[in-house]
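**Student:** curious how this folds, go ahead:
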Amino acid sequence: MVPSSNAHSASGQADALRIRGLTKAFAAHQVLKGIDLDLPAGRVTALMGANGAGKSTLVRILSGVHQADQGSLSWGGQPVSLHSPAAAVSAGVVTVHQIINDNVVQTLSVADNLLLDRLCAGSIAPLLSERRMHEQAQPLADAVGLQVDLSTPVAQLSQADKQRVAIARAMAHKPRLLILDEPTSSLSDAEAERLFQLVEQLRAQGTGILYITHRLNDIRRLADRIAALRDGVIVGEQDSDPDVGRAVQAMLGHAVGEVGHAVRRGQQQVARFEQARLSASARPFDLSLRRGEITVLTGLLSSGANKVLEALYGLTPLQSGAMRLNDQPWQPASPAAAIAGGVFMVQEERGNNGVIPSFSILHNLTLPFLRQLGLPALWSSRPERDHGERVLAQTGTVYQHADQQLTELSGGNQQKVMLARWLQMPCEVLLLAEPFQGVDIGARRDIARLLRDSSDQRATLVLCTDLEEALELADRLLVFNHDHLVGEHWLDELDIETVIRQISALPQSA
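**Tutor:** Sure, this is the predicted structure:
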């Protein structure tokens, strides 16, 4: 972590956004119960909070989406009104949201996205030539180190470059406070490091940053200050030499090391890969998945581990080799065929792949299984509601009512709904791609406990590129490196240095 200078710190305190006595309730549910927090200029304040602690509500108030019931906001002693998103931006508070679609229009070009706010505000002519558009957009791209063809549709960019487009668009407003909500949840380690360097650059320029993340390594790397939020109240604020372990304990009410699990070795084989190759140059491997056992695949984003899940789910065939399910040949032609055969998958990036935003929690939950459940389609019936509320209770999902849109829930509760969807029916193999993506530590523990408590009903195969998250869940850890299976480890016999070496080593050819 790079500390701020004393001069910078002093000026930052003078130019802090001061939050005092902030409260917010939705019907009878009191979400924020009196938030007191300073967000100084030129410093990175990390906000930690378990699922349902109120982080999302606080961000929405600061972004002008929700209005606080009570409390005040001031900057340099002057009151600030954030009564709408436009008012928040005008006051200097700009948010880069966790869901990338909330920040960019993927069908538009990079230049169009970077100039979109100016075009909408009428501050530049709407009929500029492409050359003039690029001339005006290029300085915005340069400011965040975005090195792509500005005519490229954003949908064709890497996740890291999409993130940079979002930040460049935000920085065009010259914010006094930049809110980054789970900015590294979809980034590789190398991409995350580039983001960290950009955050440090913005901090050095005097921008105050509110950094919301569940990743402890991000906080250790960047945070000048830590604020822990629990049950709608700031329960710990560290203004210098922040200690992540102490913040986690304040946030959860217990220390990280107090949580663990017994390793289970399954006996009954459910699925098997035989002489499987993920690419033409990769070595073949054999792999058995057994009932009652949670197998976690890990590696860098380029490891190819995702191809194992995609093959089982009928998304991408193996390069060569065979799969078997319950001793029968298995080669599903589509996800629908996989589901019919008892292979379910919780996909990565739930915002794009997992949910229908305009649907309620209830409809998102029951949609894949309406026929099996004997429920009518596309309207809420009493049997559907009773079934859905039963399943949601089993997963500990926190929500106001089942007709809420799923996107109104916190990230952890959205992920619990996605898990509830696929846990409500028996299956042979449950596949999960990055199940902790954008989920705080408390929700991560809840999800891991839920998966472990039900693991004897199936074989479970999980992709986790974050090693800390992988260790939270696994009985057995498999390391992939450029389409090669390079390591197999039981958690009770684990040598972490060996795992790290296998993840980062240059692969040997087949």
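**Student:** where along the stretch 201-350 of the chain do the helices fall?
**Tutor:** For the stretch 201-350 of the chain, the helices defined by DSSP state H, counting those that start in this stretch occupy 216-222, 244-252, 306-312, 335-340.
**Student:** so which of the ones you listed is nearest V31?
**Tutor:** With respect to V31, and counting by CB to CB, the nearest of these is helix 244-252 at 16.2 Å. In this view, the C-beta of every residue, glycine as well, is placed from N, C-alpha and C.
**Student:** just to revisit the earlier point, pipe the helices of the stretch 201-350 of the chain into JSON lines and attach mean neighbour count, distance to A143 and mean pLDDT per row.
**Tutor:** Shown next, in JSON lines, are the helices of the stretch 201-350 of the chain (neighbours: other CB atoms under 10 Å; distance: least, CB to CB, whole Å; pLDDT from 0 to 100):
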{"stretch": "helix 216-222", "mean neighbour count": "19", "distance to A143": "19", "mean pLDDT": "86"}
{"stretch": "helix 244-252", "mean neighbour count": "19", "distance to A143": "30", "mean pLDDT": "76"}
{"stretch": "helix 306-312", "mean neighbour count": "23", "distance to A143": "33", "mean pLDDT": "96"}
{"stretch": "helix 335-340", "mean neighbour count": "16", "distance to A143": "41", "mean pLDDT": "93"}
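**Student:** of all these, which one is nearest E493?
**Tutor:** Smallest distance to E493 across those (CB to CB): 22.2 Å, for helix 306-312.
**Student:** make CSV out of the helices of the stretch 201-350 of the chain and add distance to V31.
**Tutor:** As requested, the helices of the stretch 201-350 of the chain are exported to CSV (distance: least, CB to CB, whole Å):
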stretch, distance to V31
helix 216-222, 23
helix 244-252, 16
helix 306-312, 36
helix 335-340, 36
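**Student:** can you check which of those gets nearest to Q30?
**Tutor:** Ranking the helices of the stretch 201-350 of the chain by proximity to Q30 (CB to CB) places helix 244-252 first, at 18.7 Å.
**Student:** does G388 really touch N364, like I thought?
**Tutor:** No. Checked against CB atoms under 8 Å, the pair G388 and N364 is beyond contact range at 9.5 Å.
**Student:** where do the strands sit along the stretch 401-510 of the chain?
**Tutor:** Counting by DSSP state E, counting those that start in this stretch, residue ranges of the strands within the stretch 401-510 of the chain are 429-433, 459-463, 476-481, 484-490.
**Student:** now do the stretch 151-300 of the chain
**Tutor:** Counting by DSSP E, counting those that start in this stretch, the stretch 151-300 of the chain has strands at residues 177-181, 208-212, 225-230, 233-238, 269-277, 285-290, 294-298.
**Student:** weakest of these by average pLDDT?
**Tutor:** Note on the strands of the stretch 151-300 of the chain: strand 233-238 shows the lowest mean pLDDT, a mean of 88.
**Student:** if we can go back for a sec, of the strands of the stretch 151-300 of the chain, which is nearest S158?
**Tutor:** strand 177-181 (17.9 Å).
**Student:** relative orientation of the closest one and strand 208-212 in degrees?
**Tutor:** Per axes from the mean of the first three to the mean of the last three CA atoms, to 10 degrees, the angle that strand 177-181 makes with strand 208-212 is 10 degrees.
**Student:** ok, and what's touching strand 177-181?
**Tutor:** 17, 39, 41, 59, 62-63, 92-98, 167, 170-171, 199, 202, 207-212 (CB atoms under 8 Å, 6 or more residues apart in numbering).
**Student:** and it, which strands flank it?
**Tutor:** Looking at strand 177-181 with DSSP bridges, its partner strands are strand 93-96 (parallel), strand 208-212 (parallel).
**Student:** count the neighbours of V343 for me.
**Tutor:** 26 (other CB atoms under 10 Å).
**Student:** go on, Q78?
**Tutor:** So Q78, with other CB under 10 Å, has 7 neighbours.
**Student:** any chance of the strands of the stretch 151-300 of the chain in JSON lines, with mean neighbour count and distance to A448 too?
**Tutor:** Shown next, in JSON lines, are these (neighbours: other CB atoms under 10 Å; distance: least, CB to CB, whole Å):
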{"stretch": "strand 177-181", "mean neighbour count": "24", "distance to A448": "23"}
{"stretch": "strand 208-212", "mean neighbour count": "25", "distance to A448": "21"}
{"stretch": "strand 225-230", "mean neighbour count": "24", "distance to A448": "20"}
{"stretch": "strand 233-238", "mean neighbour count": "18", "distance to A448": "23"}
{"stretch": "strand 269-277", "mean neighbour count": "19", "distance to A448": "21"}
{"stretch": "strand 285-290", "mean neighbour count": "18", "distance to A448": "18"}
{"stretch": "strand 294-298", "mean neighbour count": "25", "distance to A448": "9"}
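**Student:** ranges for the helices of the stretch 351-500 of the chain?
**Tutor:** 361-366, 370-373, 382-395, 411-423, 441-453, 467-473, 496-504.
**Student:** format the ones you listed as TSV; extra columns: mean neighbour count, mean pLDDT and distance to R220.
**Tutor:** Listed next are the helices of the stretch 351-500 of the chain as TSV, based on neighbours: other CB atoms under 10 Å; pLDDT from 0 to 100; distance: least, CB to CB, whole Å:
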stretch	mean neighbour count	mean pLDDT	distance to R220
helix 361-366	25	82	35
helix 370-373	12	66	45
helix 382-395	16	77	30
helix 411-423	24	83	21
helix 441-453	20	82	14
helix 467-473	20	82	11
helix 496-504	14	80	16
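**Student:** mind checking which of those helices is nearest P332?
**Tutor:** helix 411-423 (15.8 Å).
**Student:** gap between that closest one and the chain center?
**Tutor:** Helix 411-423 has its C-alpha centroid displaced from the chain centroid by 13 Å (CA atoms, centre = their mean, to the nearest Å).
**Student:** ditto for stretch 95-109
**Tutor:** With CA atoms, centre = their mean, you get 14 Å for stretch 95-109.
**Student:** repeat for stretch 325-342
**Tutor:** Worked out by CA atoms, centre = their mean, stretch 325-342 lies 29 Å from the chain centre.
**Student:** quick one: end-to-end distance for that stretch.
**Tutor:** Using CA to CA, to the nearest Å, the span of stretch 325-342 from its first residue to its last is 9 Å.
**Student:** so what touches that stretch?
**Tutor:** Residues contacting stretch 325-342 (CB under 8 Å, 6+ apart): 270-271, 312-315, 317, 322-324, 343-345, 368, 426-429.
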